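Visitor: build me a structure from this.
(one chain, ligands or ions: 1)
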Amino acid sequence: MKIDVCYTPDLIHQFDIKDKTVVVIDILRATSSMVAGLGSGIQSITPVATIEECEALGRQGYVMAGERSGEKVAQFEMGNSPFDYMNPALKGRKVATTTTNGTQAIELSKGAKEVIIGAFLNLNPVVNHLMKSNNDVLLFCAGWKGRYNLEDTLFAGAVCNALKQNAEFESDSALCAFFLYQSMATDLAYYINRSNHAARLSKFNLREDIEYCAKLNEFNVVPKLIGSELIV
Ligand code: MLT
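Guide: Residues are numbered from 1 along each chain as shown. A predicted model of the protein is given here:
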């Protein structure tokens, strides 16, 4: 098994993903919320790139969710907080979501052998899935508007650390993510709270979201993209 890391969607063109398992990572907060929602009974989550696509699914009875630059889209029923997604009223419902970075990365992953969703909330289930599938892996960080971010790379490093005995790091991108994780593993929440996006979210009084997204292994699910839907 080979493993590599793509730090932002702007670099995805450098990778051949057709035979790989792509793990899409957007810790604050898209993939954390998707794991929390599907782990709490949402039937499926359909990630779309635009607000208009989300509204079209809303007219078909989907719950509309999402944000732009961290703030809830005004006309949607919910934003992108994991706490929104864990609402018991959503059990059995289909949700359509669009976010600033996470859903764009999922869109760019279509064409991979397999697309799964990773977060600290399902770290061990993701690692176990990768071990079982034994495909080569690309850890795909959603970043921020085409730029690198700390928290997504930190999660990629956590996966590299967990697989270091079984996988070959394909490039310095994987090696650097691994070393970053090794330098911060003792207090993930401390470092994630100092990221750029944590600062943005704090302006919207969303500190609880940041703390929650740094928790490990809250859910034993690995969302997988089947057609246009994420299911578990
Ligand atoms: C993203 O797409 O980067 C996140 O969903 C942004 C957020 O939830 O604040």
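Visitor: contact residues of the chain facing the ligand?
Guide: Within reach of the ligand by C-beta under 6 Å from any ligand atom, the chain has these residues: 26, 28-30, 67, 70, 80, 99-102, 142, 201. Backbone N, C-alpha and C define where each C-beta goes, glycine included.
Visitor: what is the lowest-pLDDT residue among the residues you listed?
Guide: Ranked by pLDDT, those bottom out at residue 70 (89).
Visitor: now the strands for this structure?
Guide: Counting by DSSP state E, the chain has strands at residues 2-6, 20-25, 44-47, 63-68, 71-72, 94-98, 114-118, 136-141, 168-169, 224-226, 229-231.
Visitor: just put these in JSON lines and tack on mean neighbour count.
Guide: Formatted as JSON lines, those follow (neighbours: other C-beta atoms under 10 Å):
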{"stretch": "strand 2-6", "mean neighbour count": "24"}
{"stretch": "strand 20-25", "mean neighbour count": "28"}
{"stretch": "strand 44-47", "mean neighbour count": "25"}
{"stretch": "strand 63-68", "mean neighbour count": "23"}
{"stretch": "strand 71-72", "mean neighbour count": "16"}
{"stretch": "strand 94-98", "mean neighbour count": "26"}
{"stretch": "strand 114-118", "mean neighbour count": "26"}
{"stretch": "strand 136-141", "mean neighbour count": "27"}
{"stretch": "strand 168-169", "mean neighbour count": "15"}
{"stretch": "strand 224-226", "mean neighbour count": "16"}
{"stretch": "strand 229-231", "mean neighbour count": "19"}
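Visitor: mean pLDDT lowest where, among these?
Guide: strand 71-72 (a mean of 94).
Visitor: quick one: distance of it to the chain centre.
Guide: 17 Å (C-alpha atoms, centre = their mean, to the nearest Å).
Visitor: pull the residues that contact it.
Guide: Outside strand 71-72, the residues that touch it by C-beta atoms under 8 Å, 6 or more residues apart in numbering are 66, 78-80, 204.
Visitor: and which of the residues you listed is nearest the ligand?
Guide: residue 80 (3.7 Å; C-beta to the nearest ligand atom).
Visitor: pretty sure the closest one sits against residue 68.
Guide: No. In terms of C-beta atoms under 8 Å, residue 80 does not count as a neighbour of residue 68; the distance is 9.6 Å.
Visitor: shared neighbours of those two, anything?
Guide: residue 99.
Visitor: quick one on the thing from earlier: as JSON lines, the strands of the chain with distance to residue 209 would be great.
Guide: Below are those laid out as JSON lines (distance: least, C-beta to C-beta, whole Å):
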{"stretch": "strand 2-6", "distance to residue 209": "24"}
{"stretch": "strand 20-25", "distance to residue 209": "16"}
{"stretch": "strand 44-47", "distance to residue 209": "17"}
{"stretch": "strand 63-68", "distance to residue 209": "11"}
{"stretch": "strand 71-72", "distance to residue 209": "12"}
{"stretch": "strand 94-98", "distance to residue 209": "15"}
{"stretch": "strand 114-118", "distance to residue 209": "17"}
{"stretch": "strand 136-141", "distance to residue 209": "19"}
{"stretch": "strand 168-169", "distance to residue 209": "31"}
{"stretch": "strand 224-226", "distance to residue 209": "24"}
{"stretch": "strand 229-231", "distance to residue 209": "20"}
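Visitor: for residue 36, see how far away the closest residue in space to residue 209 that isn't next to it in sequence is.
Guide: Leaving out its chain neighbours, the residue that sits closest to residue 209 by C-beta to C-beta, 6 or more residues apart in numbering is residue 81, at 5.1 Å. For residue 81, the distance to residue 36 equals 9 Å [C-beta to C-beta, to the nearest Å].
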